[in-house]
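# Structure, please.
(chains A, B, C and D)
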Protein chains: 2
Amino acid sequence: MRVLVVEDEKRLAWSLRVGLEAEGFAVDLAADGTDGLWMARENDYDVIVLDLMLPGINGYKVCSTLREDGDWTPILMLTAKDGEWDQVEGLDTGADDYMTKPFSFPILVARLRAVARRGARERPVQLVAGDLRIDPAARRVWRGDTGIELTAREFSLLAFLARNTGDVVSKRQILEAVWDVDFDGDPNIVEVYVRHLRNKIDRPFGREAIQTIRGAGYRLGSDGG
Amino acid sequence: MRVLVVEDEKRLAWSLRVGLEAEGFAVDLAADGTDGLWMARENDYDVIVLDLMLPGINGYKVCSTLREDGDWTPILMLTAKDGEWDQVEGLDTGADDYMTKPFSFPILVARLRAVARRGARERPVQLVAGDLRIDPAARRVWRGDTGIELTAREFSLLAFLARNTGDVVSKRQILEAVWDVDFDGDPNIVEVYVRHLRNKIDRPFGREAIQTIRGAGYRLGSDGG
DNA sequence: GGCCACGTTCAGCGGGCCTTCAGGTGGGAT
DNA sequence: ATCCCACCTGAAGGCCCGCTGAACGTGGCC
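Predicted structure coming up:
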């Protein structure tokens, strides 16, 4: 069980290191966001403990950057005090859990194990929805054995839908995730791109992976059609 | 050829990393003696570059501890200035060579190779992507049986792509890995070098190993084109 | 000192991707 | 049945992204 601890407070970092190693973790330390990001990219961790306030790149940014890179290593965020954590932004950036300092070490360990276990199962090396297969790292998509060419936007949209397979996502959510949080253009663009996607991943195969939920949004069916 | 660099001066550590990777080494960094010891134990390196003065456990101690553990990975010791190095103690601890800072980088590389070779275990690490074959240590590239001449930058770029065969790597990632983490010039340079590479490894062979993923980056095809 | 190779910068270009728009269609409510 | 609104559709244009060729600077080597 490999864990990366990104924490600038040396004392805390060290006690975490010692404590976690005693618990059987293999621990790497990074002292700032830049290092943390680099090490997270370079190595393959089971879980990352990420301080929110860091010199250089802060925790939010580290987290979101990793997610954008298609790295879904489970992340447990540490915050200095209650209220510092903006839960909405935190969830957006893709953290899996968070704890407020000071915290009880046994509870940290328990949560780490939980998050790592959960993440290990769900880690989307490849996203699958029915006979749709999406490889975020390679940026490739297959319907069954047939490769499908998508543009950047199309891929981004499909990946977002696939990350929420079975759930309805609203147009607003889509705009914020695939376009920009403060996108203020015509939401019709979502419809246009849903159409593009359907033309590529559904129509040629006589399926309907993307369903329209009138008044609510869209849903990628887990049955793939 | 894997090398562990144990060095607390961030700047030096980074330039070593970049430089050595350009020379075809796979580089791990450790920022203090404790980390260095742990990483040396955890992984199997061809050679270790070990700073003498380190926070936590110093270089002497790291070296002797490894030897006591029966780990005889070749070690090249770095000392801040002449005289700091106590040759007797150094030999006692079991280092294989040493250099005084500041040092010439090419000489460091040459000594590293020598020490690693002496330490036996010549491991032919080769990166393969389709009928592309890359030998990072020897800095050579073949397409099938045909050898290809590349410049340093070209090679560094190709090696990076090859280390991520099948995955899309963004221009940003490439700049950070092949140029510098805080490179702030024109990203067009990546395009220019991709072109150079294509002219050498693709065009003469009628292949397309390097694919452009518009809006995302580049991908070295695992199918080799 | 002069030559050469390599690294880097620059500006122009071409294609395809993104976005917009205007009109059409269908479901649900009254 | 009819109206309204959400969603669908096809086309068109502008712009961004990556490609290209050339020029410039620099450091090593003869």
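
# can you give me the strands in chain A?
Assigned by DSSP state E, the strands in chain A fall at A:2-6, A:26-30, A:47-51, A:75-79, A:97-100, A:127-129, A:132-135, A:140-143, A:146-148, A:168-169, A:210-213, A:217-220.

# Compare those and report which one is nearest to chain B.
For the strands of chain A, the distance to chain B is smallest for strand A:26-30, at 6.6 Å, taking C-beta to the nearest C-beta. The way it works is simple: take the backbone N, C-alpha and C, and place the C-beta from them, glycine included.

# And for that closest one, what's in contact with it?
A:1-7, A:13, A:16-17, A:20-21, A:36, A:38-39, A:43, A:45, B:31, B:35, B:42 (C-beta atoms under 8 Å, 6 or more residues apart in numbering or on different chains).

# What's the separation between the closest residue to chain B within chain A and B:Asn43?
Closest residue of chain A to chain B, C-beta to the nearest C-beta: A:Ala152 (3.0 Å). Going from A:Ala152 to B:Asn43 by C-beta to C-beta, to the nearest Å gives 37 Å.

# A:Val27 now?
From A:Val27 to B:Asn43 the distance is 14 Å (C-beta to C-beta).

# which one of the two has more residues nearby?
A:Val27 (21 against 11; other C-beta atoms under 10 Å in any protein chain shown).

# The closest residue to A:Gly217 other than its chain neighbours - how many residues pack around it?
Leaving aside its sequence neighbours, A:Gly217 sits nearest to A:Ser170 (C-beta to C-beta, 6 or more residues apart in numbering or on different chains; 4.0 Å). As a burial measure, A:Ser170 scores 15 neighbours (other C-beta under 10 Å).

# so A:Ser170 makes contact with A:Gly215?
No: look at A:Ser170 against A:Gly215 with C-beta atoms under 8 Å: they stay out of range, at 9.8 Å.

# Quick check: residues of chain A near DNA strand C?
By C-beta under 7 Å from any atom of the strand, the residues of chain A that approach DNA strand C are A:Thr151, A:Ala152, A:Arg153, A:Glu154, A:Trp179, A:Gly185, A:Asp186, A:Asn188, A:Ile189, A:Val192, A:Tyr193, A:Arg214.

# Present those as CSV; the columns should include neighbour count.
Formatted as CSV, those follow (neighbours: other C-beta atoms under 10 Å in any protein chain shown):
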residue, neighbour count
A:Thr151, 16
A:Ala152, 12
A:Arg153, 16
A:Glu154, 20
A:Trp179, 18
A:Gly185, 9
A:Asp186, 9
A:Asn188, 9
A:Ile189, 16
A:Val192, 11
A:Tyr193, 19
A:Arg214, 5
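
# and DNA strand D, which of these reach it?
A:Asn188, A:Val192, A:Arg214.

# Which of those residues fall within helices?
Among these, the members found in helices (DSSP state H) are A:Asn188, A:Val192.

# Which one of the ones next to DNA strand D among the residues of chain A next to DNA strand C is nearest to A:Val115?
A:Val115 has its nearest neighbour among these in A:Arg214, at 36.6 Å by C-beta to C-beta.
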